[in-house]
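In: Show me how the following folds:
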Amino acid sequence: MKLGYFMMPLHDPTKDYHQALAEDTEAIILADQLGFEEAWVGEHFTSAAEPITSPLLFMATLIARTQRIKFGTGVLCLPQYHPAVVAGYAAMFDHLSEGRFIMGIGPGGLPSDFELFGVMDADRNAMMVESIDMILKIWETEPPYNITNTFWNARVEDWAVDKLGLGRMVKPFQKPHPPIALSALSPNSGTMRFAGKRNWDPISANFIGAWSVASHWRVYDDECRLHNRVAENSRWRVARSIFVAESNEEAEKFVMNPGGSFMHYYEYLFDIFERSDLKPAFVAKLGDDANELTANGMVDSFVIRGDAQTVTNQLLEFHNQVGGFGTLLMTAHDWTDKARMRQSMELMATEVMPSINKVLPTSNTD
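Out: Sure thing, here's the model as predicted:
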């Protein structure tokens, strides 16, 4: 199993913005030093708690400050941009990073962003599909362009002047294009089915139960079979909230602290789910009453915590529950205590992961 880092990010909304960016930068540099394979960064425009408006811009500042870690967008919210803009920015980032880029895409997930961009009532899934299809067509073909669709058009004909280089759009560094990934939240996710249909990489969120995570792979695997492909679980990324401490007692106290970063994280999500009438998708166990869902219960159910051996055991149990996956994405949480959060990442990389990979069969770690 490989180890990655997934950063929404999610901070105390009163935290100084410059400090938040500095801490997020430090966390990814540390992840690279510790041997994390990937770092994923989210995109949000209208949340002081999730303040990175452009993951590509943010991650571009980290290319020269890291050695090998790959950068993933988690995700580019495609309904919010003209596809040609995304095609140009993503291709440029792929060159700047010399291929250390995984292009995570999605329809978006923050209602206040939907309101800002006027897509609250739009068919955002259809917009996502149309956008990525246009992006791929731009990358795969040469001008002149005249791509006409439902939501966007892209035309460069009169000013496609090959002698001057006019009309040409930047192609990615990776050929034919960067790997594409889709993230999923809901049980039996249609997004996972679409990822399987397109042969793209699946990612499962950290704030859902093991039963829901397992359903993602079943859907993905079923869709791959329909297209005569074997679904490789080495391509599946699963995110989890994890805190590793010197002792179980220390971890329990830190995670369940009412004013701590883990509690704030899930209180934030819980309030959004409640306002959006989405709580049934986030119960810890299949059949649980969504009316009884609480932020405190989500922390208790979804945060894997303890000393290195306890976390190892919990992750192996979770791995077996969901059927095996290739990359574990350790979720970033606000650095309310920098020393402890850094130590948690260090223990995860140096003690937990080696212990896990001594147990798992080689077929699950290729």
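
In: Please, where are all the helices along the stretch 101-250 of the chain?
Out: 111-117, 124-140, 190-198, 210-226, 248-255 (DSSP state H, counting those that start in this stretch).

In: right, and these - which one's nearest residue 279?
Out: Residue 279 lies closest to helix 210-226 among the helices of the stretch 101-250 of the chain, at 12.8 Å (CB to CB). C-beta here means a position set from N, CA and C on the backbone, and glycine is covered the same way.

In: Show me what the closest one is packed against.
Out: Secondary-structure packing of helix 210-226 (3 or more CB pairs under 8 Å, 6 or more residues apart in numbering; DSSP states H and E): helix 190-198, strand 201-204, helix 308-322.

In: hmm, back to that, can you lay out the helices of the stretch 101-250 of the chain as TSV showing mean pLDDT, mean neighbour count and distance to residue 6?
Out: Shown next, in TSV, are the helices of the stretch 101-250 of the chain (pLDDT from 0 to 100; neighbours: other CB atoms under 10 Å; distance: least, CB to CB, whole Å):
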stretch	mean pLDDT	mean neighbour count	distance to residue 6
helix 111-117	97	15	19
helix 124-140	98	19	20
helix 190-198	97	20	16
helix 210-226	97	19	14
helix 248-255	98	17	17
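
In: Format these as TSV; extra columns: distance to residue 85.
Out: Converted to TSV, the helices of the stretch 101-250 of the chain look like this (distance: least, CB to CB, whole Å):
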stretch	distance to residue 85
helix 111-117	13
helix 124-140	10
helix 190-198	22
helix 210-226	29
helix 248-255	40
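
In: Now do residue 239 against residue 148, distance only.
Out: Per CB to CB, to the nearest Å, residue 239 is found 38 Å from residue 148.

In: hmm, I was thinking of residue 36
Out: 43 Å.

In: Which one of the two is surrounded by more residues?
Out: More neighbours surround residue 36 than the other of residue 36 and residue 148, with 26 against 9 (other CB atoms under 10 Å).

In: Am I right that the more buried one is in a strand?
Out: No - using DSSP: H, G, I helix; E, B strand; the rest coil, the assignment for residue 36 is coil, not a strand.

In: What's the end-to-end length of stretch 252-269?
Out: Start to finish, the residues bounding stretch 252-269 are 21 Å apart (CA to CA, to the nearest Å).

In: what's the closest of the helices of the stretch 101-250 of the chain to residue 272?
Out: Short answer: helix 111-117, nearest of the helices of the stretch 101-250 of the chain by CB to CB, at 7.2 Å.

In: Give me the packing partners of that closest one, helices and strands only.
Out: Helix 111-117 packs on no helix or strand, going by 3+ CB pairs under 8 Å, 6+ apart.
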